[in-house]
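# here is a sequence with its predicted model. Questions after.
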Amino acid sequence: MWRRVTSLSSFLTSPSRSFLLNPNQEAYGQRICKSLCTDGGKSGSGGFFSRDHCPYIAFVLGGPGSGKGTQCTKIVENFGFTHLSAGDLLRKEITSDSKDGSMIFQMIKEGNIVPSEVTVKLLQKAISLSENNKFLIDGFPRTEENRISYERIIGAEPNMVLFFHCPEEEMIKRVLNRNEGRIDDNEETVKARLNVFRGLSLPVVNYYAAKGKLHKINGTGSEEEIFERVKPIFAALRYFGI
Ligand SMILES: Nc1ncnc2c1ncn2[C@@H]1O[C@H](COP(=O)(O)OP(=O)(O)OP(=O)(O)O)[C@@H](O)[C@H]1O
Ligand SMILES: O=c1ccn([C@@H]2O[C@H](COP(=O)(O)O)[C@@H](O)[C@H]2O)c(=O)[nH]1
Ligand SMILES: [Mg+2]
């Protein structure tokens with residue numbers, strides 16, 4: 001695979017080929033190529049992933065109700081990724097009598113962020129229990145502290161980051177209509193979650209945008225319309241055997 005990556009990478013970025021691609025296509029190609037390298041040579045050098053087992057990781061970010069979980073389900077069905085929702089893993093801890101259960105319950109009820117070590121450990125465990133080598137990590141990292149903690153413990157950056165951009169009124173409407181019995185799907189907690197999203201999560205989104213890893217997706221319209229925007233990103237990865 002790596003040989004294929006190198007040759008396609010130089011094909012997409014070589015100045016002599018530039019006439020084949022318009023500037024948007026070239027930027028997109030470069031972003032895809034970049035996404036194939038698990039960053040900074042950190043991976044395989046003392047982190048959680050070894051040189052032989054270095055899965056492809058996509059973070060999926062967006063405000064509450066922006067459609068992360070819905071689109072992840074479609075990506076799983078169409079592209080064979082394993083979906084790890086940080087929120088789902090935390091909710092499972094509440095019901096599994098773990099020592100952190102009551103603390104997690106309180107945090108989620110108030111729309112606050114669970115300490116990074118707890119969430120990263122749950123993600124780490126889920127990755128190591130899976131046979132798959134490509135993962136969607138949905139709803140994490142929620143803060144710069146989450147991001148730094150993940151990088152420190154895992155020893156690698158994500159390969160790419162999807163961000164579902166959606167107006168707040170639409171997100172609120174969706175959350176309040178979700179009807180899945182979540183303790184945080186009420187007006188008061190949604191307000192708190194939106195404050196956390198604006199103040200703590202958007203800096204993470206901006207960080208990955210500055211690194212050229214972010215795919216910002218218009219999260220309005222029908223579920224199918226949104227998935228049409230997501231599809232080409234994952235279809236392109238197939239070129240590289242992912
Ligand atoms: N494009 C859409 N149009 C209308 N409703 C949608 C759309 N996408 C998802 N929904 C609905 O909105 C609700 C929230 O969607 P989803 O659970 O995917 O969001 P989320 O980003 O995972 O939210 P959270 O961060 O709160 O877990 C669900 O009830 C889902 O069925
Ligand atoms: O990394 C994370 C992810 C989630 N939380 C807490 O869980 C809720 C619900 O998360 P969803 O992704 O919306 O299912 C979130 O509001 C946080 O309280 C977390 O602390 N850290
Ligand atoms: Mg969700």
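Nice, I can see it. Numbers count the residues shown, from 1 in each chain. Ligands and ions are numbered 1, 2, ... in the order given.
# any buried residues in stretch 87-98, and which?
Within stretch 87-98, the residues that count as buried by 16 or more other Cβ atoms under 10 Å are 87, 89-91, 93-94. Quick note: C-beta positions are derived from backbone N, CA and C, even for glycine.
# how close does the residue nearest to residue 91 when sequence neighbours are not counted get to residue 193?
Closest residue in space to residue 91, ignoring its immediate chain neighbours: residue 108 at 7.1 Å, by Cβ to Cβ, 6 or more residues apart in numbering. Distance, residue 108 to residue 193, using Cβ to Cβ, to the nearest Å: 10 Å.
# again, but for residue 113
Noted for residue 113: a distance of 10 Å to residue 193, by Cβ to Cβ.
# higher neighbour count, the two?
A direct count of neighbours by other Cβ atoms under 10 Å for residue 113 and residue 193 places residue 193 higher, at 25 against 19.
# quick check: that one vs ligand 1, distance?
According to Cβ to the nearest ligand atom, to the nearest Å, residue 193 and ligand 1 sit 7 Å apart.
# now for that residue: which residues touch it?
Counting by Cβ atoms under 8 Å, 6 or more residues apart in numbering, residue 193 touches 63-64, 111, 184.
# now do the residue nearest to residue 113 when sequence neighbours are not counted, the pLDDT please.
Using Cβ to Cβ, 6+ apart and skipping the chain neighbours, the partner closest in space to residue 113 is residue 142 (5.2 Å). We have a pLDDT of 98 for residue 142.
# quick check: phi and psi on residue 198?
phi -60, psi -50 (degrees, to the nearest 10).
# on that earlier part again, okay, the buried residues of stretch 87-98 in JSON lines with distance to residue 199 and secondary structure next?
Below are the buried residues of stretch 87-98 laid out as JSON lines (distance: Cβ to Cβ, whole Å; DSSP: H, G, I helix; E, B strand; the rest coil):
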{"residue": "87", "distance to residue 199": "18", "secondary structure": "helix"}
{"residue": "89", "distance to residue 199": "23", "secondary structure": "helix"}
{"residue": "90", "distance to residue 199": "20", "secondary structure": "helix"}
{"residue": "91", "distance to residue 199": "23", "secondary structure": "helix"}
{"residue": "93", "distance to residue 199": "25", "secondary structure": "helix"}
{"residue": "94", "distance to residue 199": "25", "secondary structure": "helix"}
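# can you list those in JSON lines and add pLDDT and distance to residue 207?
Converted to JSON lines, the buried residues of stretch 87-98 look like this (pLDDT from 0 to 100; distance: Cβ to Cβ, whole Å):
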{"residue": "87", "pLDDT": "98", "distance to residue 207": "21"}
{"residue": "89", "pLDDT": "98", "distance to residue 207": "23"}
{"residue": "90", "pLDDT": "98", "distance to residue 207": "23"}
{"residue": "91", "pLDDT": "98", "distance to residue 207": "27"}
{"residue": "93", "pLDDT": "97", "distance to residue 207": "27"}
{"residue": "94", "pLDDT": "96", "distance to residue 207": "29"}
